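# Next input, structure requested:
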Amino acid sequence: MGVTETFAVEVDQKDEVIQALRDEINRLKGEQGKPTIRPNTEPSRDISSEKERKVEPPEKKKGRGARNHKISITKPPRICKCSRENLPPDAIFKGYHEVIVQNLKIVLDNEKLLLEVYYSPSLKKTFMADRPQGCVGEYEVGVHELIFILKHIGNMSESCIHTILTSYGLLISKSTVSRLVRKVAARLEEEAAAILRAGILSGKYVNFDDTGARVNGKQHYTQILCNPFFTAYVTMDKKDRLSLLRMLLMGTELQFRFNGATFEMMELFKVPEKVRVFLKEQCMGKTLTEQELERILKDIPSDNRNPSQLHRRIKESAGITWYHEQTEVPVIRTIISDDAPQFRHLALDWHGLCWVHAGRLIKKLIPRSVLFQEELDRVLEEFWDYYDTLKVFREDPENYDIEELRARFDKIFTQTTDYPALDKILQSLFDNKEHLLVVLHFPEAPLNNNPAELGARVQVRKRDVSLHTMTAEGTTAVDTSMTILQTAKKLGVNAIELIHDRLTKNELESLAVTLLKKVGLPT
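Below is the predicted model of the structure:
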């Protein structure tokens, strides 16, 4: 049966390759490949949904309840009278029935300013009156604010924003819309950087993920860092471990520390022994700049066919060690992520893996035989039962025997089934035992990376609307705006009031200060 399953998988793979080759031949001939025809009712692709694991009864639907007390009244009450013609002669007045009607107005509010001009013959200099507060260039702050809100809260394209503004009679070009969006975001950059620093300080862990981003047609990667109090976005052209280190240093220059921990990590990264011996003689006990390290790496005695990869592993080992020991920026103590290799070893204490991603590996299997499907269903049930146990453990760790939980993990992931592909996945998950069971050492750690994935969806929606940014300035503006707005949402701060304040009075406290106060840390 296992042989039949293997052959079936191989046939499917070869069919896909053959079809791909046929499509490529057709394209080379100027024709089209086989079209992708979706079914009328597309099956759910949410293979990691937690709905399948919930056993609680569904919540009863609640009415919206009283809400008039939440509505601000901006005008005096207006009395609406009954038509006297429709009232019978004996009708008696009984008072009023209160109705609140809400409305918004967007109206053109252009104004001509006459700025006094004076000329001093003695100084040969012209003096002109300042514009009123709130007038920036040709547009008042209200225009700047509306454009930013439509772009980053409404998630509209700049072309659509331009259409709306000109439809109301505002004379503005598309390039000016784009420029004003970036100009508002530039005023928020320092606050966004402070959020990242405060966010890392605010919690004992950080959820970490990345998603694709396009900058002027080239592939980049947006890093998402979050916990219950903040979400920060940073887009980079690479997503390797060294790039992540530089991002976490927030402008501080990356240095390279050589000590016992460095060489232990080099051994873990499979740096050859003779290279490690050479580096111990040259660098032990030293902290080097990147330029100094590069000069030493040129003399490494190695017959490695890929020296750039070897050099990168050495830099990663020494860079991580220095990051963990430095005190200029806060160090992430625990990272929760998927199993992407670049996230490993960055955290000082623990690197926890997402159980939802782990379960996805099992659920993606598509067995052909009934026996294999039964095995798959049984293992999945054991998997999610154990996951539910860990969720309860997080709430009350004192009532559980950690060794018993470890033994149960071993029983699930070292079992041998009749399904070879399933056994292979179970073994790979068992190899990640310490990362999946971080919660046993650190019960506050979440069991999944859902918060970071939800944060990534914000960037994906941006990409769906605007496709890509064109410049580094525009990319930073998007990162800044998402960081400010998503963090404000988590802290319960009205984003529109915040943006208005930052463009006018700038009296509201920084989101970073609000964040630190929320967790009881000094500001």
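# So which residue is smack in the middle of the protein?
Note on the chain: the residue nearest the mean C-alpha position is Ile224, at 3.1 Å, using Cα atoms, centre = their mean.
# any idea of the pLDDT on that residue?
Note on Ile224: pLDDT of 96.
# Going forward, the N-terminal residue is numbered 23.
Yep, numbering from 23; the last one is Ile246 now.
# That one contacts Tyr255, doesn't it?
Yes - assessed by Cβ atoms under 8 Å, Ile246 is found in contact with Tyr255 at 6.1 Å. (C-beta placed from N, C-alpha, C; glycine too.)
# Report the buried residues of stretch 468-482.
Pro468, Leu469, Asn470, Asn471, Asn472, Pro473, Ala474, Glu475, Gly477, Ala478, Val480, Gln481 (16 or more other Cβ atoms under 10 Å).
# Equivalent analysis for stretch 227-244, please.
So, applying 16+ other Cβ under 10 Å, buried residues of stretch 227-244: 227-233, 235-237, 242-244.
# Only the C-alpha atoms, please, for that stretch, written as PDB.
Only the C-alpha atoms of stretch 227-244 are listed here, as PDB (Å, rounded to 0.1, in the frame of the first residue of the first chain):
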ATOM      1  CA  TYR A 227       8.200  37.800  23.900                       C
ATOM      2  CA  VAL A 228       7.800  39.100  20.300                       C
ATOM      3  CA  ASN A 229       5.800  37.400  17.500                       C
ATOM      4  CA  PHE A 230       7.900  37.600  14.300                       C
ATOM      5  CA  ASP A 231       6.900  37.000  10.700                       C
ATOM      6  CA  ASP A 232       7.600  38.400   7.200                       C
ATOM      7  CA  THR A 233       5.700  38.800   4.000                       C
ATOM      8  CA  GLY A 234       6.600  39.900   0.500                       C
ATOM      9  CA  ALA A 235       6.700  43.500  -0.600                       C
ATOM     10  CA  ARG A 236       7.600  45.100  -4.000                       C
ATOM     11  CA  VAL A 237       9.700  48.200  -4.300                       C
ATOM     12  CA  ASN A 238      10.000  49.600  -7.800                       C
ATOM     13  CA  GLY A 239       9.300  46.200  -9.200                       C
ATOM     14  CA  LYS A 240      11.900  44.400  -7.100                       C
ATOM     15  CA  GLN A 241      11.200  41.800  -4.300                       C
ATOM     16  CA  HIS A 242      11.600  43.000  -0.800                       C
ATOM     17  CA  TYR A 243      10.400  41.700   2.600                       C
ATOM     18  CA  THR A 244       8.300  43.400   5.300                       C
END
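# and that stretch, how far from the chain's centre?
Distance of stretch 227-244 from the chain centroid (Cα atoms, centre = their mean, to the nearest Å) equals 8 Å.
# Please state the offset of the helix or strand of the chain with the lowest mean pLDDT from the chain centre?
Sorting the helices and strands of the chain by mean pLDDT, DSSP states H and E puts helix 24-50 at the bottom, at a mean of 75. Centroid displacement of helix 24-50 relative to its chain, using Cα atoms, centre = their mean, is 35 Å.
# so where is the stretch 273-422 of the chain shaky, pLDDT-wise?
326-327 (pLDDT under 70).
# ok, 90 please
Along the stretch 273-422 of the chain, the parts satisfying pLDDT under 90 run over 320-331, 361, 386-394, 420-422.
# Give the other helices and strands that the helix or strand hosting Asp232 contacts.
Here Asp232 is covered by strand 228-237, with elements defined by DSSP states H and E. Other helices and strands packing on strand 228-237, by 3 or more Cβ pairs under 8 Å, 6 or more residues apart in numbering; DSSP states H and E, are strand 240-249, strand 356-359, helix 472-488, helix 494-513.
# who wins for proximity to Glu289 among those?
Closest approach to Glu289 among those (Cβ to Cβ): strand 356-359, 21.8 Å.
# what's the helix or strand that the closest one is followed by packed up against?
As assigned by DSSP H and E, the chain's next helix or strand after strand 356-359 is strand 372-375. Contacts defined by 3+ Cβ pairs under 8 Å, 6+ apart place strand 372-375 against strand 356-359, helix 455-458, helix 460-463.
# I figured Phe252 hits Leu538, correct?
No - judged on Cβ under 8 Å, Phe252 makes no contact with Leu538 at a distance of 10.3 Å.
# Quick check, pLDDT for the residue nearest to Ala517 when sequence neighbours are not counted.
Among residues not flanking Ala517 along the chain, Ala510 sits closest, at 4.6 Å (Cβ to Cβ, 6 or more residues apart in numbering). We note a pLDDT of 96 for Ala510 in this prediction.
# and what of Pro544?
88.
# So what's the residue count around Asn249?
Using other Cβ atoms under 10 Å, Asn249 has 22 neighbouring residues.
# right, I mislabeled it, should have said Asn454
14.
# The one 4 residues further on too?
Each residue near Leu458 was counted by other Cβ under 10 Å, and the total is 23.
# picking up where we left off before, contact partners for the residue nearest to the centre of the chain?
By Cβ atoms under 8 Å, 6 or more residues apart in numbering, Ile246 lies in contact with Asn229, Phe230, Asp231, Asp232, Thr233, Thr253, Ala254, Tyr255, Ala474, Gly477, Ala478, Gln481.
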